[in-house]
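A.B. asks: attaching a predicted model along with its sequence, questions to come.
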Amino acid sequence: MKKKNVLSLALSAALALSLAACGGNGGSSSPVSGSPASSSSGESIVVKVGVVGANNQQWDTVNELLAKENIKVELVEFAEYKLPNNALDAGEIDLNAFQHKAYLQKEIDDLGYDVAVLGDTIVAPLSLYSNKITDVNQLKEGDKIAVPSDPTNEGRCFKILESAGLLEVDPAAGYMPELKDITANPLKLEFIEVEAANTASLLPDVAAAFVNGAHAIDNGLKIDEAVYTEQVQPGSDNPYINIIACRAGDLDDEVYKKVLAAYQSEETAQAIREIYQGTYIPAF
């Protein structure tokens, strides 16, 4: 599918250094909070959606479907996971679509954001990549592994390594174990904790690195090249299903519901399958 014009907008001067630039055509702006504004001149209702990474082509299909509703999504591209929920809570954007349920819940618990799940989007299996080995069983004693530093994704990495037979973690830690919850590490693997966007850049320097789906795509990594991939658990209770989030007070917003419906369409699901070839999997 050809990539069409889907905007990435700068938020403000304070965030400018944290945003990755992305071009496109302009549109009318939505207000700081509440429902997006419509124009009496017939311009589209604009919904600003925060994303992380540059590969979001499925939103082109969403916009094609929304055109008949006179609604247009404009993507606001962030470089780091820690920014889009803050921007959403502050009313700088209308929605965001970059995180799984576990990550959002952790942010709400820690930072008190008044943000909620609008609906499910995709599941992105987390994979381990390497420039040095071709199979996870080739890891050797003392090897270094780069992992995302945020608690939900780091814990997810430990659970994946446990499923590969390389670690044991305390079951009481649930789906979010920390370093202290590792009860067995026979190879004495060393974990290098960095921002999720930076794990791929460490591939020349470590034995292997866990790279989240969006960042894998951004760095030209393909899921069939991974040395190990998370086994995706089906069902809506999977904490790693990605979502569209909104402010809690906007859950009943009719425009946002239409955006969600367009995303959760068969047309968008098919686009996701064709574009991402298993790196993203529709979860609706």
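C.D. replies: Sure, I can see it.
A.B. asks: against P151, how distant is the residue nearest in space to the middle of the chain?
C.D. replies: By C-alpha atoms, centre = their mean, the chain has its centre lying nearest to F98, at 3.2 Å. Distance of F98 to P151, given as C-beta to C-beta, to the nearest Å: 16 Å. To be clear about C-beta, it is placed using only N, CA and C from the backbone, and glycine gets the same treatment.
A.B. asks: could you do L187 as well?
C.D. replies: Counting by C-beta to C-beta - L187 and P151 are separated by 23 Å.
A.B. asks: repeat for Y276
C.D. replies: In this view, Y276 and P151 are 26 Å apart by C-beta to C-beta.
A.B. asks: which of these two has more residues huddled nearby?
C.D. replies: Neighbours per residue (other C-beta atoms under 10 Å) separate Y276 from P151, with Y276 holding more: 22 against 15.
A.B. asks: tell me the contacts of the spatially closest residue to the more buried one that is not a sequence neighbour?
C.D. replies: Leaving out its chain neighbours, the residue that sits closest to Y276 by C-beta to C-beta, 6 or more residues apart in numbering is I217, at 7.1 Å. Counting by C-beta atoms under 8 Å, 6 or more residues apart in numbering, I217 touches G53, N55, Y276, T279.
A.B. asks: can you tell me which of those end up in helices?
C.D. replies: Residues of the contacts of I217 located in helices (DSSP state H): Y276.
A.B. asks: could you dump the contacts of I217 to a markdown table with distance to K82 and pLDDT?
C.D. replies: Converted to a markdown table, those look like this (distance: C-beta to C-beta, whole Å; pLDDT from 0 to 100):
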| residue | distance to K82 | pLDDT |
| --- | --- | --- |
| G53 | 14 | 84 |
| N55 | 20 | 86 |
| Y276 | 24 | 91 |
| T279 | 23 | 88 |
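A.B. asks: please name the bridge partners of E168.
C.D. replies: A184 (DSSP bridges).
A.B. asks: now do it: how many residues are near it, please.
C.D. replies: Neighbour count for E168, taken as other C-beta under 10 Å: 15.
A.B. asks: wait, it touches T183, no?
C.D. replies: Yes. In terms of C-beta atoms under 8 Å, E168 counts as a neighbour of T183; the distance is 4.9 Å.
A.B. asks: for the stretch 101-250 of the chain, what spans make up the helices?
C.D. replies: Under the criterion DSSP state H, counting those that start in this stretch, helices of the stretch 101-250 of the chain are mapped to 101-111, 151-163, 213-218.
A.B. asks: select from the ones you listed the stretch with the lowest mean pLDDT.
C.D. replies: If you rank these by mean pLDDT, helix 213-218 sits at the bottom with a mean of 87.
A.B. asks: how distant is stretch 95-107 from the center of its chain?
C.D. replies: Per C-alpha atoms, centre = their mean, to the nearest Å, the displacement of stretch 95-107 from the mean C-alpha position of its chain is 8 Å.
A.B. asks: helix or strand for the residue lying closest to E107 once chain neighbours are set aside, which one?
C.D. replies: Nearest residue to E107, sequence neighbours excluded (C-beta to C-beta, 6+ apart): N85, at 5.0 Å. Element membership of N85 [criterion: DSSP states H and E] is helix 84-89.
A.B. asks: good, wrapping up.
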